[in-house]
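Colleague: Here is a sequence together with a model predicted from it:
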Amino acid sequence: MIYLDFAATTPVDARVLNAMLPYFNADYGNPSSIHRHGQKAEAAVDKAREKVAAILHCQPEEILFTSGGTESDNLALRGFAFSKTSSNGVRRILTAKTEHHAISRTAEYLEREHGIPIVWLEVDPYGAVVPQALERGMNESGGLVSLMLANNEIGTINPVEKLSQIARTHGAVVHSDVVQAAAYLDVNVETLGVDMISLGGHKFYGPKGIGALYVRKGMNLVPQISGGGQEFGMRSGTHNVPYIVGFAEALHLASSEREFRCTHVKPLRDRIMGTVLEQVVDSALTGHPDRRMPNHASFVFKDVDGNALLQLLDAAGFACSSGSACKTGNPEPSDVISALGISKDWALGSLRITLGVSTTESDVDRFLHALPGLVEKARGLKRKNHGDPGVN
């Protein structure tokens with residue numbers, strides 16, 4: 001099986017696993033305990049926090065460990081929305097339909113159930129937020145602007161630095177979901193100009209079930225999990241020491257090996273994009289052709305059922321993903337693809353191919369050899385299922 005779905009998750013790096021192992025059964029203490037077992041565990045958490053902070057260019061006490069990117073996103077949005085002191089009392093949220101559902105659906109919930117005003121920002125044909133749209137949306141001071149650095153579905157990189165400058169000029173707080181971006185892009189919070197960022201470990205060869213939220217000092221968020229007061233009172237619960245250690249090591253490796261990893265995947269990605277567009281009839285790239293994640297290629301194919309194509313690819317030995325969410329009896333394109341304004345006959349046939357450090361030229365050769373025929377087979381199945389008289 002050739003795995004081409006690294007944007008969904010990654011295997012745990014052996015070096016990360018080795019860093020984690022002692023904290024499962026040797027140094028297993030609870031960091032909240034006073035005895036030396038607890039002190040040793042607490043020291044491991046403190047060291048991990050310092051390691052993460054050094055990469056993000058922030059203070060260790062500005063790092064909160066969570067269960068993953070989704071919890072971090074929720075804490076950022078809900079914590080802001082429920083805070084009476086949020087941005088001078090202005091609690092509205094400005095975001096985009098192209099965000100991960102951890103952001104967009106949380107925003108919808110806050111508007112529906114709690115009356116928090118949501119401003120949905122315009123995106124360009126590549127899925128990037130239009131700076132002028134944010135400027136227009138900032139017609140009153142304050143609020144929270146939440147915009148991802150890199151799109152998980154179409155790979156487009158948002159101009160977060162520019163967007164942050166606009167937002168902060170108007171007194172807004174800025175949050176960015178960098179869960180997908182951290183594997184290959186610099187996530188220096190000072191360069192990005194943000195007040196909060198969310199990360200998830202399993203996107204950069206760390207374990208699942210662990211993430212972090214950077215919160216700039218002085219920010220007032222309402223905690224979403226109460227209890228023992230861990231994580232500076234912002235996220236209660238016994239520390240998951242081995243996973244925290246693994247998260248920090250994985251992020252450290254992603255940062256220190258960034259140039260090597262990008263150099264490895266980008267030529268393979270470029271080859272996939274060029275070959276697919278040349279050899280597959282009625283194909284189109286989604287996302288920006290240049291300003292995109294270096295390991296990310298995504299397409300739409302006219303008159304193709306994306307889920308059927310995934311099944312055919314799986315049977316042929318390739319693990320990929322699609323942006324189409326198939327509801328029983330009512331297949332619909334994903335929110336991201338819909339936001340691009342792509343017509344339904346194209347939008348339902350989306351495909352995402354994402355590469356990793358273990359991807360080889362041979363993997364790409366085999367994939368590119370198989371894909372054109374599988375797309376045509378998927379088209380034939382769709383015509384047959386729709387009763388096309390020209391299909392036997």
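Modeller: That came through, no problem. Quick caveat, the model's predicted, so the values are computed rather than measured. Numbers count the residues shown, from 1 in each chain.

Colleague: going forward, measure contacts between C-alpha atoms and count neighbours the same way
Modeller: Fine.

Colleague: Domain boundaries for this protein, per the record?
Modeller: According to automatic domain parsing, the chain comprises the domains 13-256, 258-385.

Colleague: List just the one of the ones you listed that sits closest to M1.
Modeller: domain 258-385 (4.6 Å; CA to CA).

Colleague: how long is the closest one end to end?
Modeller: Taking CA to CA, to the nearest Å, domain 258-385 runs 46 Å from one end to the other.

Colleague: quick one: secondary structure of R352?
Modeller: Under the three-state scheme (DSSP: H, G, I helix; E, B strand; the rest coil), R352 adopts strand.

Colleague: quick one: it and I103, what's the gap?
Modeller: Relative to I103, R352 is positioned 21 Å away (CA to CA).

Colleague: Spell out the residue ranges of the strands in this structure.
Modeller: For the chain, the strands defined by DSSP state E occupy 2-3, 63-66, 93-95, 118-120, 144-146, 173-177, 196-200, 211-215, 283-285, 296-301, 318-319, 325-327, 330-332, 350-354.

Colleague: from the ones you listed, which stretch is densest packed?
Modeller: strand 196-200 (a mean of 29; mean count of other CA atoms under 10 Å).

Colleague: what angle separates it from strand 211-215?
Modeller: 170 degrees (axes from the mean of the first three to the mean of the last three CA atoms, to 10 degrees).

Colleague: tilt between strand 196-200 and strand 173-177?
Modeller: Angle, strand 196-200 to strand 173-177, by the same axes, to 10 degrees: 10 degrees.

Colleague: Just give the nearest non-adjacent residue to A128, would you?
Modeller: Nearest residue to A128, sequence neighbours excluded (CA to CA, 6 or more residues apart in numbering): N158, at 5.2 Å.

Colleague: do the same with S338
Modeller: Leaving out its chain neighbours, the residue that sits closest to S338 by CA to CA, 6+ apart is A347, at 7.2 Å.

Colleague: can you check K302 too?
Modeller: Using CA to CA, 6+ apart and skipping the chain neighbours, the partner closest in space to K302 is W346 (4.2 Å).

Colleague: could you list every residue that touches the one you found?
Modeller: For W346, the contact set (CA atoms under 8 Å, 6 or more residues apart in numbering) comprises 300-304.

Colleague: Farthest-apart pair in those residues, please.
Modeller: V300 and D303 (9.4 Å).

Colleague: Give the residues shared as contacts by the two.
Modeller: Joint contacts of V300 and D303 (CA under 8 Å, 6+ apart) are 346, 348-349.

Colleague: Leaving out the residues flanking it, which one is nearest to A316?
Modeller: Nearest residue to A316, sequence neighbours excluded (CA to CA, 6+ apart): A370, at 7.9 Å.

Colleague: what's the answer for V173, then?
Modeller: Leaving aside its sequence neighbours, V173 sits nearest to L144 (CA to CA, 6+ apart; 4.8 Å).

Colleague: Next up, the contacts around that neighbour.
Modeller: Taking CA under 8 Å, 6+ apart as the test, what L144 contacts is 77, 80, 87, 91-94, 172-175.
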